[in-house]
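*Asks:* kindly generate the corresponding structure for this input.
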Amino acid sequence: MYPRKTKVLMAPPEIIEQLLTVIRHGRIDNSYKMVWAKAIVDLSDEDPDRKAIPLSEIADKVIGYYWNLHIFFDPDGRTLRQSSNSSKPPKILQHVLGYIASYKSLKGEKFKPCFYEQLEEGDKKKIAIQPAVIASILKENVRHRFLKYSGAEYAFYDYRSDVNQLIFEVSACEQLAQYQGVLRDSIHYRWTQILEDFNKATPRIAAKVAIRRSGPRTEGSLKKYHEWLKIENPNLICSYCEKPIEKDDLSVDHLIPYSFLFSNDIWNLSFTHSHCNSSKNNTPPTKHAIDMQDKRNQNLYNLVSSKYPELFDKKVFKELSFALQENLLRKMSQIYQH
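*Replies:* You can find the predicted model right below:
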């Protein structure tokens, strides 16, 4: 018989163990520590040979994380809290929401959400983005506190005030880059947990936190819902202005904004003119709009039930039935408006 081989499990480097400990168990009042950790990991991954990371680079990353998350899902700062204090958002988030508001004002009717990395330098100057201000907040509130956990202080970086940089041991950034996958997963998971504590009724937080640079995508084309919407609305009447829609101007609207639900659900969809859809933006639905959509949903359910038995087992119909049973439209609209 051949001798049995013993598997040797390789332990992660000490810096990875320490960083994971702080990420997973550190005291959390807001999401600062998660964006700080994410910036360090991302910057190390971009340049594994580096031995220092300027606070200015971390600040720029942090602005980007909050910008990307909020410009797509909560540009007005109403529905996605980043701290336990609902009346006073963290200072950095206040600045970023101000940048977003300035960008929306700058673009006017041409405003469309875009990733921070895609912002033109000219626009950054016009809306007065100031990484130095963010770096100062990070230096005061995060830099030293991040290293502390349960009475201990982990020293996986030093801070040099003369150059305003974090200094790492030789090969530390290379190790962070090597383990960037598990580190990012841990950061996103912990960030999701934090936001769930602060936003108990907000849907799909994990998907929003893990947003990729390619942008939030609807799950498949909305055209697949046309056949369902036509059952109840065969004449293509706009749900907003109640006028007929020409086929080349046909759009499908999310009554409760997609940015909040991050999902396509038949009970929340309706035909509109393209211009009616775009002018609505992320405004909360009115009581009249909710009442009309609720009536539409019941009509659609009754029509399918009486005339289209072949659709009973379809996922879309089951979702419509569940939404009516649980009154999801009104529940979600109340959450969004408050």
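*Asks:* got the residue ranges for the helices in the stretch 1-150 of the chain?
*Replies:* Under the criterion DSSP state H, counting those that start in this stretch, the stretch 1-150 of the chain contains helices at 14-25, 32-46, 55-73, 91-107, 121-126, 131-141.
*Asks:* gap between the shortest one and the chain center?
*Replies:* Computed by C-alpha atoms, centre = their mean, to the nearest Å, the chain-centroid distance of helix 121-126 equals 24 Å.
*Asks:* residues of it that come out buried?
*Replies:* For helix 121-126, the neighbour count (16 or more other C-beta atoms under 10 Å) marks residue 124 as buried. C-beta here means a position set from N, CA and C on the backbone, and glycine is covered the same way.
*Asks:* I'd like the mean pLDDT over that helix, please.
*Replies:* The average pLDDT within helix 121-126 is 96.
*Asks:* what does the second one give?
*Replies:* Per-residue pLDDT values across helix 32-46 average out to 97.
*Asks:* how far off centre is it?
*Replies:* How far helix 32-46 lies from its chain's middle: 17 Å, per C-alpha atoms, centre = their mean.
*Asks:* neighbours of residue 40, how many?
*Replies:* 25 (other C-beta atoms under 10 Å).
*Asks:* show me what contacts it?
*Replies:* 53, 58, 157, 166, 176 (C-beta atoms under 8 Å, 6 or more residues apart in numbering).
*Asks:* quick check: phi and psi on the third one?
*Replies:* So the one you mean is residue 157. Phi and psi for residue 157, reported as degrees, to the nearest 10, are phi -150, psi 150.
*Asks:* that one against residue 176, yeah?
*Replies:* No - Residue 157 is not in contact with residue 176 according to C-beta atoms under 8 Å; the separation is 10.3 Å.
*Asks:* setting aside sequence neighbours, what's the nearest residue to residue 143?
*Replies:* Nearest residue to residue 143, sequence neighbours excluded (C-beta to C-beta, 6 or more residues apart in numbering): residue 159, at 5.9 Å.
*Asks:* what's downstream of the helix or strand harbouring that neighbour, the next helix or strand?
*Replies:* Using DSSP states H and E, residue 159 sits within strand 158-160. For strand 158-160, the following helix or strand on the C-terminal side (DSSP H and E) is strand 165-167.
*Asks:* now do that following strand: distance to the chain's middle.
*Replies:* Centre-to-centre, strand 165-167 and its host chain are 29 Å apart (C-alpha atoms, centre = their mean).
*Asks:* partners of that strand, with directions?
*Replies:* Using DSSP bridges, strand 165-167 pairs in its sheet with strand 52-54 (antiparallel), strand 158-160 (antiparallel).
*Asks:* can you name the element that comes right after that strand?
*Replies:* helix 172-178.
*Asks:* other SSEs contacting that next one?
*Replies:* The helices and strands touching helix 172-178, judged by 3 or more C-beta pairs under 8 Å, 6 or more residues apart in numbering; DSSP states H and E, are helix 14-25, helix 32-46.
*Asks:* nearest to residue 239, of those?
*Replies:* Taking C-beta to C-beta, helix 32-46 is the member of the helices and strands packed on helix 172-178 nearest to residue 239, at 38.7 Å.
*Asks:* which positions in that closest one come out as buried?
*Replies:* Within helix 32-46, the residues that qualify as buried are 32-45, counting by 16+ other C-beta under 10 Å.
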